[in-house]
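[1] The following comprises the amino acid sequence and a computationally predicted model.
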Amino acid sequence: MAIRRELSGGLPLAKDDRHSLLRTRASDLAKLERHVYQRYPSWEWGTFFEFGFRRTSWGLAMSYVQGLWPQPGDMDRQVGLTRFLDQYSRRAFHHAAASPLAIGVVHSHPEGSGTFPSTIDDDMDSYFAREFGAYSNGKPYCSLVLQRNSRTGFSFTGRVYDRGEWLPVEK
C-alpha cells in the first residue's frame, strides 16, 4: 500500500482496495495533452474537465467527456503554477450545478518533477472537492496530474473524492 499513499500526496486514501478507473478516447487525450503542455517543459498549465461516472462495488468507473477550456483571463499566465482565477472557478461551479456530469481538474507538472501531488495540489484538491461537492449535490471530484518525459513518455497520477473519501485513479 505504500504506492497508494504516495499517489495521494498528503490526502488520505480509503483504507481498503477501492479505486477508480478513467477511460478516454485517444483523440480526447491528444487534445487534452496539447492544452496542458502548452507551457511545457518548465511551467504548468491546466483545465477543468467533465466526466461521467458510475459507482461500483470496487470504486468508480469514470469516462472523460470534454475539457471546460479556459477563456482569455481565466488563468494566471504570470506564474509557473496552474492558477485558476475566480471567474473560471465560478463558471465551473455553476456548470457543475447544472450538468449531470461531474467536474475535475487536470494539470501538468514540469518535466522532471514527477506527477505526485504537491502540498499546493493537496490544498487545491481539498478546496475543489468541497466546493464541487456542494455545488453538484455530492458528485465526485477528480484530480489528475500529467507529465511527459523524453525517457519514459507519458505518465500521470490521479485521485478522486467521492462521498467523503479519496480513491486512487489507477488506470
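    Nice, thanks for sending it over.

[2] When you work out contacts or count neighbours from here on, use the C-alpha atoms and nothing else.
    Fine.

[3] so where's the longest helix in the protein?
    The residue-count maximum for a helix in the chain (DSSP state H) belongs to helix 119-135.

[4] from the chain's centre, how far out does that helix sit?
    Between the centre of helix 119-135 and the centre of its chain there are 10 Å (C-alpha atoms, centre = their mean, to the nearest Å).

[5] cool, and stretch 47-60?
    Here stretch 47-60 is found 11 Å from its chain centre; the criterion is C-alpha atoms, centre = their mean.

[6] tell me the secondary structure for the residue lying farthest from the centre of the chain?
    Here the chain reaches farthest from its C-alpha mean at residue 151, the gap being 23.8 Å by C-alpha atoms, centre = their mean. When classified by DSSP: H, G, I helix; E, B strand; the rest coil, residue 151 comes out as coil.

[7] ok, back up a step: give me the residues contacting the longest helix of the chain.
    Outside helix 119-135, the residues that touch it by C-alpha atoms under 8 Å, 6 or more residues apart in numbering are 9-11, 93-94, 96-97, 103, 138-141, 143, 161.

[8] buried set for stretch 143-153?
    143-148 (16 or more other C-alpha atoms under 10 Å).

[9] In a strand, residue 92, correct?
    No: applying three-state DSSP, one finds residue 92 to be helix, outside a strand.

[10] picking up where we left off before, any idea how far the residue farthest from the centre of the chain lies from residue 166?
    Look at residue 151 and residue 166: by C-alpha to C-alpha, to the nearest Å, they are 30 Å apart.

[11] With residue 109 instead?
    For residue 109, the distance to residue 166 - C-alpha to C-alpha - is 21 Å.
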